[in-house]
Each structure stands twice: as C-alpha cells, then as structure tokens.
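> below: sequence and its predicted model.
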2 protein chains.
Amino acid sequence: MTITQLTYVLAVAEHRNFTLAAEKCFVTQPTLSMQIQKIEDELGILIFDRSKKPIQLTEIGNKIVTQAKNIVNESIRIKDIVDQQKGFIGGEFRLGIIPTIMPTLLPMFLNSFIKKYPKVNLIIEELNTEEILTKLHNNHLDAAIAATPLEDEKIKELVLYYEPFVVYVPEQHEFSSQKTIDPNQLDPNEILLLRDGHCFRDGILNLCQRRDNIHPPAFEIASGSFETLIKLADEGLGITLLPYLHTLDLNDKNREKLRQFRDPKPAREVSLIFPKSELKLHIIEALRSVINGVVKGAIAFHDVEIISPLSKK
Amino acid sequence: MTITQLTYVLAVAEHRNFTLAAEKCFVTQPTLSMQIQKIEDELGILIFDRSKKPIQLTEIGNKIVTQAKNIVNESIRIKDIVDQQKGFIGGEFRLGIIPTIMPTLLPMFLNSFIKKYPKVNLIIEELNTEEILTKLHNNHLDAAIAATPLEDEKIKELVLYYEPFVVYVPEQHEFSSQKTIDPNQLDPNEILLLRDGHCFRDGILNLCQRRDNIHPPAFEIASGSFETLIKLADEGLGITLLPYLHTLDLNDKNREKLRQFRDPKPAREVSLIFPKSELKLHIIEALRSVINGVVKGAIAFHDVEIISPLSKK
DNA sequence: AGAAAACGATAGCTTTTATTTATTGAAATG
DNA sequence: CATTTCAATAAATAAAAGCTATCGTTTTCT
C-alpha cells in the first residue's frame, strides 16, 4: 500500500470515473486502474462497485476512503511542517471568499499580500458559504473568508473584523429624518434583499425575525448586487442594508442617505476560516496579519451585536 | 515520499543506528540509507544528525518523526479496518501484563481465548506498568492488562474487574483474632512489600499513607514474589497484603490466616488498556469478552474502594 | 435495433525505483 | 596503531509503476 495508491483511490472516489480521475492525477487510465486493483488485491476487498454507473463505493470502500483522506492529508502536512520550519511562505494557496466580501476586502489586502509574500501563488475563488464549506471539507480550498460563526465542527475560525450593517434610506422614506435607527423598527417587507444563497441576506432575515415571528416577505425583489439594490431603493421600492465596507464606495449624494443603527450596532463577524487540520497554517497566519493590518484603520467597531449568517430554516 | 520511507525513518529514530534499523525493517543497510537520503532530499532537509554518535534527530527531524508516526499508524489501521469489516479476528497481537496479575489471571483466560480465536497469534510479555506505558506509546504493544486508573491522556482503559486486597496475618499476630480489618489499623512499618517497581506495592503505600502522613518504613524487606512474602510473614517478620486472586491458590492452612478488609474493601481496579488510536479494536474487544466471561464467576466485588496504583512521589 | 461513444480492463513494453552485494571511508575503540 | 563499527557509495539486479495500444462491455444516441 502506497500513498500514491491512496491518492488514486481518493481521486476515483471523488470523480466516480477512472478516466477522469487518472487525468486529475496526471497518469494514464490503465496506470490508475492497475494501482487501484493492486491495493484492492492487497487488502483482499473491492473498494469500488464497478457494476453501477457511475461507479459507487462499496461499504468497506467508504471506510477506506475516510481513512485514506486522513493519511494523504497527514502526509501532505509533512511538507508543510518542513516549510514552516524553514520559514518558507510559498506554494499554491487556494482561498475562497463570499461575494459580499470579495469586492470590498480583496482590493484592500491583495496588493500588500502579494508584495510581502511573492512566493505564494494565491488562487482566489468567489463562492457562497455553502460551497466554501464543501470545498474546505474535501480539501479543494486551503482557507476562506466568510461571515461567521458557522458552527462547523471541523472548521476553525479566526475573526478578522466586525462589519456593521448600515441602512440605506431613500430621501422620501420616513427613516430619512432619523439620525440612527433601531433594528426593531425594521419592517422586513420593505427591505430589498440579495438573492437567495447569500449569507448577508440570511443575516438580515435573522436580524428582522428577532422582532417577532414574521416570516420572510410575501413579495421579493432579490438581486445579486448591492448596486442594484441601491438603485431600486432610490426608485422608492424600499430600503436596503449594506455592509459597512460597501458604504465607503458610495458617491457623496448616496452617502447622505446612509443611516447607522444605534449601538450596539448589528454587525456581521468576518473571519478567516480553515479546516482544523491546519494545513498551511503559516500562510494562513500571514494572510491574517496582512488583512488585520489594512483593516485596522478602516474598520474598528467593537460595540456591536453579532448577527448569525446562518439561515434558520 | 512513501510510507516505506517513513517507516525506515521511524526505525532509525528508534534505534539510532542505521544497521540495526535496517535489520528490523528486513532490508539491507544500504537500502535503508538510500531511502532515508531520498526523503531527506525530497524534503530538502536533514532528518538525522549523523555527526553525533549515536545518531541524533535534528530539530525538524523530530517533528517529522512525530508526523511520520501518525501516518504509519493510520496506514496500518487501514488493514485493521478491513479485518474488522470482514469479521476477521486474527494476526499478531502483543499483550503486556503486569507481574502481579500475570500468574493468576493468565491461566484463567488463555486457554479459552486461543481456542475461541485460533487465528490470533498472542504474544504475551510480563512488564511493569511503566514499561507497559512506554511500549504502548511507541506501538510495541497492542494492549495490556494493568492496575488502573493511570491518568494517561493517550491510553484508554476498559475495566475488567475489581480485585480486593486481602490481609495475610500469621497466627501469632494481634489481627489474628479479628474477623475483618479496618485499613486504618494498618501499620506500614510491619507490612511486607513487593520490591520497588511493582504497582501493587505503590497501591499498598497509598492505602497506608492515607491514615496520616507516614513515610515509607525505614527498614524494608522487599521481594519480587508473594510466595516469599508469605513465608517471611510466617516467620513472624510482619503481615502482608495479597490481591484476591492470589489467595485462591493458597493451601488450606495458609488460607486460615487470611483476613478480609471491612467493606468497602480497598481494591485495585484491573483494566485492559490500549492506545486511544484503537488499533486492533476487534481483538481487544474479543479479549475483554473472554476475560469477562471467566472472571465473572470468580470475582464479583462491587462495594469496594479503588486504590490508585500510581506512586505519589 | 444498430452504430457510436464511453469507459474500464488487459497485454506487452519501457522507464523508474527499490533493493541487493560488494566495497569504501570515516570515526570510535581498545 | 590496529581493529572494529557504522554509514555512504558503486554497480548490478529485481521489482514496480508507468505508457501505448487494444479489447470488451455497457450506455447513449440515432
């Protein structure tokens, strides 16, 4: 039994297809087939049920895959241990970021980071929270930036900052005359929301549903971008909530329409998250320190109330 | 990097000698040397400091060895998972037993066990508690039978039975007239003890030291066997304490000299212990069930007070 | 139903890697 | 200073992992 064989097993388990798995492993299909057969022979069992299409794991195959993941991950970690000892910060690093954080945070730290750590090959992907968790679990991401807490057993969270919600109120709206707004004043039926799948949307729903047990509004205009929501609000279709960093980009006219919540402001907690296995911890630590550096000046709210990003269905 | 290379690294780390390590791995010394060099090259570091005699681990080498142990253990475990799935109970199984349990318990279960599980190749070693813990930690034992609780983070304990201490009182002694004895009556200075290193000795010292802060007696006659202690007691040199199972072997005349403690009797807790990694759990479970079967009739004390086997130095 | 495509297994061959025996060289021992 | 110990090196061999080409099913698409 070799580590190579185990990685082949994992590839087939993932793609349910020998040919595709072979490609991903950069070997030919016969090579992979034979190595899989070999480990099956050695163990005296079948890992895959080839009679089904697509290929299925056998019962014992499932257990072996779980264990194989362990072994392969731990062996990758040896290289990380060496890198860390050498003080080497480099190599491929795959980072996921949720859409509502991506456009504001990424430009703030990306430049500093790649300058400071030129040997790290950052691969950034915009993904929603659900996709991020899946990809962290199966090791397709090394870390991610998302709203927390996520209550996931296998994920570690390193809080980066707290980002308050800010209300965007068009001129004609009743709130326009208020300096600050109490979350309890919010009417969920008039809030313009991002489309389903965004945790920022879920956060706002959580914030509203606290008031009493109101269900999500009957009619919805849901968009994928805050820009759209702002324009819709300007058209008198309701109000909307923005994460603080987004408000920094507004033009002066629109900025006048912003209203802060009264303290403690509802806010989302934004964290760097990664599997507890802590692979590439040194790069994660580097990322955290760079982000903390650029963010410290821009965003330093403390008297906040953290709103869960999880949908409470 | 291969699992084989990692096992070679572990062998050298353990024996601090390439030639010996090669032997233990059943390969020649050049083979092992070259594979070690290969993994060192691949990682770009030195695992061993060959300038020192005997060979030393480098700082990074130490970390790699820790991680390598993980990987090698987890990979051994794949075979165990398969065995367990197949319901196969067999293969090599190394069991340690402490000296004060060995002669009484082993004959009770060994026959049943090897009949019931003929495919298990039991390798039994008499070792004291300290040696057992070391060997469990570095995987030279699969499990052991010892007095517990041991308060060891990495060891799991499965209680087999509670074995009361019984007092052996020669005829001329004052206790001879009593039916039961209170532990507080014991005078540590007149108790004949096993020689240092036995946890049964430590248990008795713990029992006595509870009374008040008496230190171990100034003079000592310490033997390695209960038979000696009994004869010394008969010579009027003091009294001694025996574990219950040992009293079953006494002849009728000696048996009359036994006195039970009053309830709750002080007792030692005897457990099957093994690393939390739970390698070969199926065999451990088989052992437990066989031992429980034979012991249930012979020894069923419940109203006991467990005395720690650990020396409180 | 029949042709085409998809997909894994097999065969034969090549390359790479692991291991062996024999030898060397350096350090420790006596 | 000779001897022993012990790891490294060299050269040869055995084992394995890999490749190309092909076959045999099964699925999919006319």
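The structure has been received and is ready for your questions. For clarity, every value in this text was computed on a predicted model and none was experimentally measured.

> who in chain A is up against DNA strand C?
A:16-20, A:29-30, A:33-34, A:36-37, A:50, A:54-55 (C-beta under 7 Å from any atom of the strand). All C-beta spots, glycine's among them, are computed from the backbone N, C-alpha and C.

> what's the PyMOL line that selects buried ones from the residues you listed?
To isolate the buried members of those in PyMOL, using 16 or more other C-beta atoms under 10 Å in any protein chain shown:
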select buried, chain A and resi 17+18+33+36+55
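
> what two of the residues of chain A next to DNA strand C are the furthest from one another?
Spatially, the most separated pair among the residues of chain A next to DNA strand C is A:M34 and A:P54, at 20.3 Å (C-beta to C-beta).

> ok, the biggest strand by length in chain A: who's next to it in the sheet?
Ranked by residue count under DSSP state E, the longest strand found in chain A is strand A:155-168. According to DSSP bridges, strand A:155-168 forms sheet pairs with strand A:239-243 (antiparallel), strand A:258-261 (antiparallel), strand A:265-275 (antiparallel).

> A:M108 is in contact with A:G297, isn't it?
No. Contact criterion C-beta atoms under 8 Å: A:M108 and A:G297 do not qualify, at 10.0 Å.

> quick one: closest of the strands paired with strand A:155-168 to A:L46.
Closest of the strands paired with strand A:155-168 to A:L46 is strand A:265-275, at 29.7 Å (criterion: C-beta to C-beta).

> what about that closest one, average pLDDT?
Average pLDDT, strand A:265-275: 94.

> the helix or strand that comes right after it relative to strand A:155-168, how many degrees between them?
Using DSSP states H and E, the helix or strand that follows strand A:265-275 in sequence is helix A:281-298. Computed by axes from the mean of the first three to the mean of the last three C-alpha atoms, to 10 degrees, the angle separating helix A:281-298 from strand A:155-168 equals 20 degrees.

> does chain B sit close to helix A:281-298?
No. Using C-beta under 8 Å from any C-beta of the partner chain, helix A:281-298 never reaches chain B; the gap is at least 13.0 Å.

> put the alpha carbons of that helix into PDB.
Taking Å, rounded to 0.1, in the frame of the first residue of the first chain, the C-alpha atoms of helix A:281-298 are listed here in PDB:
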ATOM      1  CA  LEU A 281      -1.000  27.300   8.800                       C
ATOM      2  CA  HIS A 282       1.900  29.600   8.100                       C
ATOM      3  CA  ILE A 283       0.300  31.100   5.000                       C
ATOM      4  CA  ILE A 284      -3.000  31.400   6.900                       C
ATOM      5  CA  GLU A 285      -1.200  33.300   9.600                       C
ATOM      6  CA  ALA A 286       0.500  35.500   7.000                       C
ATOM      7  CA  LEU A 287      -2.900  36.300   5.400                       C
ATOM      8  CA  ARG A 288      -4.400  37.100   8.800                       C
ATOM      9  CA  SER A 289      -1.700  39.500   9.700                       C
ATOM     10  CA  VAL A 290      -1.800  41.300   6.400                       C
ATOM     11  CA  ILE A 291      -5.600  41.700   6.400                       C
ATOM     12  CA  ASN A 292      -5.500  42.800  10.000                       C
ATOM     13  CA  GLY A 293      -3.000  45.500   9.100                       C
ATOM     14  CA  VAL A 294      -5.000  47.000   6.300                       C
ATOM     15  CA  VAL A 295      -8.300  46.700   8.000                       C
ATOM     16  CA  LYS A 296      -7.400  48.000  11.400                       C
ATOM     17  CA  GLY A 297      -7.600  51.600  10.200                       C
ATOM     18  CA  ALA A 298     -10.700  51.300   8.100                       C
END
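
> and A:T28, how many neighbours?
When counting by other C-beta atoms under 10 Å in any protein chain shown, one arrives at 12 neighbours for A:T28.

> surely it touches A:A22?
Yes. When contacts are counted by C-beta under 8 Å, A:T28 is listed as touching A:A22 (6.0 Å).

> quick check: bridge partners of the residue lying closest to A:L158 once chain neighbours are set aside?
Nearest non-adjacent residue to A:L158, counting by C-beta to C-beta, 6 or more residues apart in numbering or on different chains: A:L272, 4.5 Å away. As for beta bridges, A:L272 partners with A:I145, A:L158 under DSSP bridges.

> and A:L272, what is it in contact with?
Under the criterion of C-beta atoms under 8 Å, 6 or more residues apart in numbering or on different chains, the contact list for A:L272 reads A:A143, A:A144, A:I145, A:E157, A:L158, A:L160, A:I284, A:L287, A:R288, A:I291.

> try it again with 6 Å
Counting by C-beta atoms under 6 Å, 6 or more residues apart in numbering or on different chains, A:L272 makes contact with A:A143, A:I145, A:L158, A:L160, A:R288.

> where in the stretch 151-300 of chain A is pLDDT low?
By pLDDT under 70, the weakly predicted segments of the stretch 151-300 of chain A are A:210-222.

> tally of neighbours for the residue in it that DNA strand C sits nearest to?
In the stretch 151-300 of chain A, the residue that lies nearest DNA strand C is A:L279 (23.7 Å; C-beta to the nearest atom of the strand). A:L279 has 18 neighbouring residues, counting by other C-beta under 10 Å.

> cool, and the one 4 residues further on?
As a burial measure, the neighbour count of A:I283 was computed by other C-beta under 10 Å and equals 27.

> now A:T66
When neighbours are defined as other C-beta under 10 Å, A:T66 has 11 of them.

> then A:T104?
19.

> before we move on, what about A:D49?
Other residues close to A:D49 by other C-beta under 10 Å number 12.

> which residues does it form beta bridges with?
A:Q56.

> quick check, it in contact with A:T58.
Yes. A:D49 is within contact range of A:T58, at 5.3 Å (criterion: C-beta atoms under 6 Å).

> look at the closest residue in space to A:I97 that isn't next to it in sequence and report its pLDDT.
For A:I97, ignoring the flanking residues on the chain, the nearest one in space by C-beta to C-beta, 6+ apart is A:I145 at 4.7 Å. According to the prediction, A:I145 has pLDDT 97.

> how much space is there between A:L310 and DNA strand D?
Note on A:L310: its distance to DNA strand D, by C-beta to the nearest atom of the strand, to the nearest Å, is 37 Å.

> now do the same contact list for the residue of the stretch 151-300 of chain A closest to DNA strand C.
Neighbouring residues of A:L279 by C-beta under 6 Å, 6+ apart: A:R77, A:D80.
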